[in-house]
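Colleague: with the input below, show me the fold.
(one chain, ligands or ions: 2)
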Amino acid sequence: MQRYDAIIIGTGQAGPALAVRLAETGKRVALIERGAFGGTCVNTGCTPTKTMVASAHAAHLARRAADYGVVLQGPVGVDMRRVKARKDAVVAQSSEGLEAWLRGTAGLDLIQGHARFTAADTVVVGERQLTAPWIMLNVGGRPAVPAIPGLDAVPYLTSSSILDLDTLPEHLLVLGGSYVGLEFAQMFRRFGARVTVVEAGPRLVQREDPEISAAIADFLAAEGVEIVVGAGDLSVAATPDGLRLRHGPGAVEATHLLVAVGRRPNTDDLGLDRAGVALDRRGYVTVDDALRTNVPGIWALGDCNGRGAFTHTAYDDYEILAANLLDGAGRSLRDRVMAYALFTEPPLGRVGMTEAEARASSRKVLVGQRPMTRVARAREKGETAGLMKIIVDGDTEEILGAAILGPGGDEAIHTVIGLMNARAPYGVLRRMMPIHPTVAELLPTLLADLPAPSRRADTALDETIEESFPASDPPSHTPESRIGRPSR
Ligand SMILES: Cc1cc2nc3c(=O)[nH]c(=O)nc-3n(C[C@H](O)[C@H](O)[C@H](O)COP(=O)(O)OP(=O)(O)OC[C@H]3O[C@@H](n4cnc5c(N)ncnc54)[C@H](O)[C@@H]3O)c2cc1C
Ligand SMILES: NC(=O)c1ccc[n+]([C@@H]2O[C@H](COP(=O)([O-])OP(=O)(O)OC[C@H]3O[C@@H](n4cnc5c(N)ncnc54)[C@H](O)[C@@H]3O)[C@@H](O)[C@H]2O)c1
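Modeller: Numbering: from 1, shown residues only. Ligands and ions are numbered 1, 2, ... in the order given. Modelled structure (predicted):
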């Protein structure tokens, strides 16, 4: 039996940082990984997909070159072997860098193999038995495969296996029209494949507000992505050229099928029953707001706890737990302002509540919204698809959420993320002087339609400004004055 101060299972987005932090404080740590170092994000998630999105962007821009007055000789071609090689190189750099960091950390044993509990303080990895008073789970998840008649009998791709393709599918059918499905759908369309998205729900990305879903469907359709929503009664059968997916009375024939209908946690083969760790009905480890499971000394971080499904939520889990265990902090998941992006082009940056969620909470909801066509920078870039909206509590003047679907939306949303983390009322954003010409520049304008914020909710900063300019308000920025402002 090998004794440690802490055992961490999984090298996803929380495990490595936590292992190094614990080792640096003098603790003896075992970090166990059964697959590739870095987990989903590095190997089969964010890193490879965003690398391939960049290749797809280059192809798309090359095809649109003439729109910008740029003349290219001959048609635009995509070499999938080179796209994959570029992706593999970026992934390898991240994974190898992580492994070197972990192997170079004193007090940290990196163990390769599948970990399984035999008791609440003991895990086995192959022949090795390890015990520790602290055990942290960072086991992540994997693609879910739905029970669709005939699916077992046809070859299908998942978000992991599609990354191994080095040829272009003739016609890619993407089952599931949400984050995974839409990023791949647009990317493969731009690589030159015919692409059909089949979504069971009534619209794409149903977690978002309807006008966001509609705008995404519009720009995908404009690029030639075929979209079927409300698809029910599904069955799949092989054909000489690939497969046929029947959805009710309709059918789609394709050469390749990507199943992108969600993920499930890697908690079914961990022996959690031997440790007595409770799961919810979907198989996620149940944790409290400090990431504690029901078993003292066992915590769960990242996707496997069902409290976030993103790289940054997993990393934030690490920061919360490390601060609580090592710095005596009292950090809690309750204080997290949820944010994420969908990396289509244009991307969707999101923070906090959707309008639908805000209205369901029976608050007095105020909404400011503008189409991207009103944003000078979007017009200048020739990328006017999308919209931006911000949602405010009319009583407390708190910013409840925002969505920016447009060029740089994934970056511009951080203006709102920062203000929400500072718990700043919307008056602060309304008076901010943004940089021209940017997408974020329109954020104060979105709020111009809303009632003037009260002094009660103004910040100390506002007080200072008003003291400096007691007799007059700062000049107002109407949408038109902003948009019509000549370039500097
Ligand atoms: C296609 C795709 C694109 C994505 N894009 C983004 C994005 O752009 N931005 C974003 O924020 N998020 C994105 N995500 C989500 C993101 O990848 C995950 O939220 C994140 O990786 C979760 O990290 P984690 O630490 O919870 O676990 P993971 O990264 O899943 O790591 C868990 C690790 O635990 C190991 N493991 C599991 N069980 C055991 C065991 N019993 N013994 C030993 N080891 C074990 C696994 O092998 C794995 O390496 C994407 C996901 C996918 C699928
Ligand atoms: N940009 C990002 O940060 C990013 C990118 C990709 C993935 N991710 C993470 O990965 C997770 C999984 O993403 P996802 O898109 O696979 O799952 P998801 O849960 O977001 O969406 C699954 C979609 O599939 C549909 N669906 C379910 N069953 C279906 C069926 N039988 N036929 C057709 N459609 C069906 C659902 O209605 C839903 O729209 C996300 O929660 C996200 O956290 C994040």
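Colleague: hey, let's count contacts and neighbours off CA atoms from now on
Modeller: OK.
Colleague: what segments of the stretch 151-300 of the chain are strands?
Modeller: 171-175, 194-198, 226-228, 234-239, 242-247, 250-254, 256-259, 263-265, 298-300 (DSSP state E, counting those that start in this stretch).
Colleague: which residues of the stretch 101-250 of the chain lie near ligand 2?
Modeller: Residues of the stretch 101-250 of the chain lying close to ligand 2 (Cα under 6 Å from any ligand atom) are 146, 175-181, 198-201, 205.
Colleague: OK, contacts around whatever residue of the stretch 1-150 of the chain ends up closest to ligand 2?
Modeller: Relative to ligand 2, the nearest point of the stretch 1-150 of the chain is Pro146 (5.7 Å; Cα to the nearest ligand atom). Going by Cα atoms under 8 Å, 6 or more residues apart in numbering, Pro146 touches Val261.
Colleague: quickly find the element holding Gly149.
Modeller: To be clear, residue 149 is Pro; Gly isn't right here. Following DSSP states H and E, there is no helix or strand that holds Pro149.
Colleague: can we start the residue count at 48 from this point?
Modeller: Sure, I'll start counting at 48 from here, so that last one is Pro196.
Colleague: how about it: what's its closest non-neighbour residue?
Modeller: What sits nearest to Pro196 in space, not counting adjacent residues and going by Cα to Cα, 6 or more residues apart in numbering, is Ser282, at 4.9 Å.
Colleague: pLDDT wise, what is the one you found at?
Modeller: We have a pLDDT of 97 for Ser282.
Colleague: beta-bridge partners for it, please?
Modeller: Counting by DSSP bridges, Ser282 forms beta bridges with Arg293.
Colleague: was I right to think it contacts Ala194?
Modeller: No. Proximity of Ser282 to Ala194 does not meet the contact threshold set by Cα atoms under 8 Å, at 9.5 Å.
Colleague: of those two, which one has the most company?
Modeller: Ser282 (16 against 10; other Cα atoms under 10 Å).
Colleague: low-confidence ranges, this structure, go.
Modeller: Across the chain, the ranges flagged by pLDDT under 70 are 502-535.
Colleague: select the longest helix from it.
Modeller: Longest helix in the chain by number of residues (criterion: DSSP state H): helix 127-150.
Colleague: can you give the strand pairings for the following helix or strand past that one, parallel or anti for each?
Modeller: The first helix or strand that comes after helix 127-150 along the chain, using DSSP H and E, is strand 155-159. The strands beside strand 155-159 in its sheet (DSSP bridges) come out as strand 76-80 (parallel).
Colleague: right, is the partner strand up against ligand 1?
Modeller: Yes. Applying Cα under 6 Å from any ligand atom, one finds strand 76-80 in contact with ligand 1 at 79-80.
Colleague: ok now that strand, how far from the chain's centre?
Modeller: Computed by Cα atoms, centre = their mean, to the nearest Å, the chain-centroid distance of strand 76-80 equals 26 Å.
Colleague: quick one, strands of the stretch 48-197 of the chain?
Modeller: For the stretch 48-197 of the chain, applying DSSP E, counting those that start in this stretch gives strands covering 49-50, 53-56, 76-80, 155-159, 162-166, 169-172, 175-178, 181-184, 188-190.
Colleague: tilt between the fourth one and helix 127-150?
Modeller: Between the axis of strand 155-159 and that of helix 127-150 there is an angle of 140 degrees, by axes from the mean of the first three to the mean of the last three Cα atoms, to 10 degrees.
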